[in-house]
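Student: Structure of the sequence below:
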Amino acid sequence: MVKPSIKAVMNNNYKQIVKVAHSNIAFVKYWGKRGRQYPLNPSVSMLIDQCQTKTQCSYQISDQLQVESFQFEGKEQFDFGKRIEQYLESISEVYPLAKRLRLRFESENNFPHSAGIASSASGFAAIANILAEIEWLENNVRLSREQISTLARLGSGSACRSISKAPFNLWGKTKFDLGTDDYSLDLDEKKYSFSEKLADTILVVNQSQKDVSSSFGHSLMNTHFYRESRIEQAHENTRCLLNAIEADNFTDFGEIIENEALSLHAMMMTSMPSYTLLHANTLRVIEKLKDSREKGEIMAYFTLDAGPNIHLIYPESQKDQVKSFVSEFCLDLCEKIIWAPHFGES
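Tutor: Sure, this is the predicted structure:
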C-alpha cells in the first residue's frame with residue numbers, strides 16, 4: 001500500500017460510493033472459527049441502528065489490485081489498509097473484479113471502535129456493500145443479500161450478521177436444520193419476534209481499545225479445554241433462545257442471553273493463555289441490574305460482546321425504568337451511554 005499523491009487524486013477519474021452499515025449484538029455468541037471464517041457454533045444477533053460505520057470509497061478500474069489509502073476518522077491506517085488489500089486478494093475467486101480495483105477509503109464510526117461493540121462487523125459490512133455496488137456499476141450484476149453477507153463474512157465473521165433486513169439474524173448451521181455457515185439468515189419476522197419491540201442501551205464502561213483482539217481470542221478456542229462443551233452449549237442455547245422468541249417469553253430470553261455473555265468471558269478467562277476484558281465497573285453494573293430486577297424495579301437483561309461494555313436489552317415499555325436505573329446507578333460507572341433502539345426504530 002502506498003500513500004496517494006495529490007497529483008494522483010487531482011488527475012485521475014475515480015468514482016465514489018458511500019455506504020452505511022450497522023453494528024450488531026449477538027445474543028448467542030460466536031466464539032472460535034475454522035477454515036475461511038466459518039464459525040465453530042451458531043449465533044443469533046440483532047442489529048443496532050444507532051451504531052453505524054459510514055465508509056466512502058473512491059475507486060477506478062485498473063490492471064491490478066491496489067488499496068492506495070485507508071483513512072479512519074481522518075487518520076491514515078496503513079496496517080488496516082494492508083488488511084483490506086489482503087482481504088480483497090483472498091476473495092478474488094468469488095469476486096473476480098477485486099483483482100482490478102484501485103481504491104481509496106475514508107471511514108468513520110459514531111461509536112467507539114475496538115471496544116467490544118462489533119466495529120469490525122459494521123466496517124466490513126460497509127465494505128461488502130461497497131463491493132456489491134461496484135459490481136452493479138461495472139458489470140450490471142446485482143449481488144444477492146446472501147452473496148453480500150458471504151463477502152462480509154470473509155472479512156470478519158460477525159460482519160455477515162450486519163447484512164440484515166430483519167429484527168433477528170442467525171449465522172451458523174444448527175442441529176435442527178436451520179442456518180448455514182456461509183452467510184447469515186434473516187429470521188422470519190412473523191415467527192421470530194416479540195409482541196413488544198426490544199431496545200438496546202449500551203453502557204460504555206471503557207472506550208479504550210481492547211488489550212486483546214477478538215481474532216486472537218478466536219484462535220485460542222482451537223486448543224481450549226472446554227471447546228466441545230462450549231459448542232454444545234451454544235447449539236442448545238440457540239434452540240432455547242429461538243423457542244423463547246417464538247413463544248414471546250422475554251424472561252427465558254433474558255436468562256439465556258446473560259448466560260451466553262458470561263460464558264463468552266469464561267472462555268477467555270479459562271483459555272491458555274488466559275485473559276479478561278471485563279472491568280470492575282462492568283461487574284458493579286451487572287450486580288446493580290440484578291438487584292434492581294429482583295426488587296421488581298426493572299425488566300431488563302444484560303449481554304456483553306468481547307469487551308467490557310454492557311448492552312441493556314429490554315422491552316420498549318421499560319424505557320423510563322431503564323433511564324431511571326442508568327441515571328441512579330450507571331453515570332458514575334460509565335464513560336458514555338448510547339441509547340440504541342431496536343432494528344427499524346428511530
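
Student: which residues of the stretch 1-150 of the chain fall in strands?
Tutor: Applying DSSP state E, counting those that start in this stretch to the stretch 1-150 of the chain gives strands spanning 15-28, 33-34, 38-39, 43-61, 66-72, 75-76, 101-109.

Student: burial of Cys51, as a residue count?
Tutor: Here the number of neighbours of Cys51 (other Cβ atoms under 10 Å) works out to 25. Quick note: C-beta positions are derived from backbone N, CA and C, even for glycine.

Student: Phe111 is in contact with that one, correct?
Tutor: Yes. Using Cβ atoms under 8 Å, Cys51 is in contact with Phe111, at 4.4 Å.

Student: what about the stretch 151-300 of the chain, any weak spots by pLDDT?
Tutor: By pLDDT under 70, the stretch 151-300 of the chain has no low-scoring segment.

Student: Can you lay out the strands of the stretch 1-150 of the chain as TSV showing mean pLDDT?
Tutor: Below are these laid out as TSV (pLDDT from 0 to 100):
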stretch	mean pLDDT
strand 15-28	95
strand 33-34	96
strand 38-39	98
strand 43-61	93
strand 66-72	96
strand 75-76	93
strand 101-109	96
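
Student: Glu246 is nearest to which of the ones you listed?
Tutor: Closest of the strands of the stretch 1-150 of the chain to Glu246 is strand 43-61, at 12.1 Å (criterion: Cβ to Cβ).

Student: Just list whatever residues bridge to Tyr38.
Tutor: Counting by DSSP bridges, Tyr38 is bridged to Arg34.

Student: so which of the strands of the stretch 1-150 of the chain gets nearest Ile286?
Tutor: Closest of these to Ile286 is strand 15-28, at 16.0 Å (criterion: Cβ to Cβ).

Student: Can you list the strands that the closest one pairs with?
Tutor: strand 43-61 (antiparallel).

Student: got the angle for the partner strand vs strand 101-109?
Tutor: Between the axes of strand 43-61 and strand 101-109, defined by axes from the mean of the first three to the mean of the last three Cα atoms, to 10 degrees, the angle is 130 degrees.

Student: Show me what counts as buried in strand 43-61.
Tutor: 43-53, 55-59 (16 or more other Cβ atoms under 10 Å).

Student: Mind telling me the two of those farthest from one another?
Tutor: Val44 and Ser58 (36.4 Å).

Student: what does the domain assignment say about the chain?
Tutor: Taking automatic domain parsing as the reference, the chain has its domains at 6-171, 196-341.

Student: now, of those domains, which is deepest in the fold?
Tutor: domain 6-171 (a mean of 20; mean count of other Cβ atoms under 10 Å).

Student: Any figure for the gap between Ile48 and Asn169?
Tutor: 12 Å (Cβ to Cβ, to the nearest Å).

Student: residues shared between the contacts of the two?
Tutor: The contact sets of Ile48 and Asn169 overlap at Asn24 (Cβ atoms under 8 Å, 6 or more residues apart in numbering).

Student: wait, Gln77 sits on Ser69?
Tutor: No. The criterion here is Cβ under 8 Å, and Gln77 misses it with Ser69 at 9.1 Å.

Student: Could you point out which of the buried residues of strand 43-61 is nearest to Arg83?
Tutor: Thr55 (14.2 Å).

Student: Give me the contacts around stretch 264-276.
Tutor: 29, 31, 211-212, 217, 220-221, 223-226, 230, 277-278, 304-306.

Student: pLDDT (mean, whole number) over stretch 110-130?
Tutor: Mean pLDDT, stretch 110-130: 81.

Student: want to throw the domains of the chain into JSON lines with distance to Asp177?
Tutor: Output for those, formatted as JSON lines (distance: least, Cβ to Cβ, whole Å):
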{"stretch": "domain 6-171", "distance to Asp177": "12"}
{"stretch": "domain 196-341", "distance to Asp177": "11"}
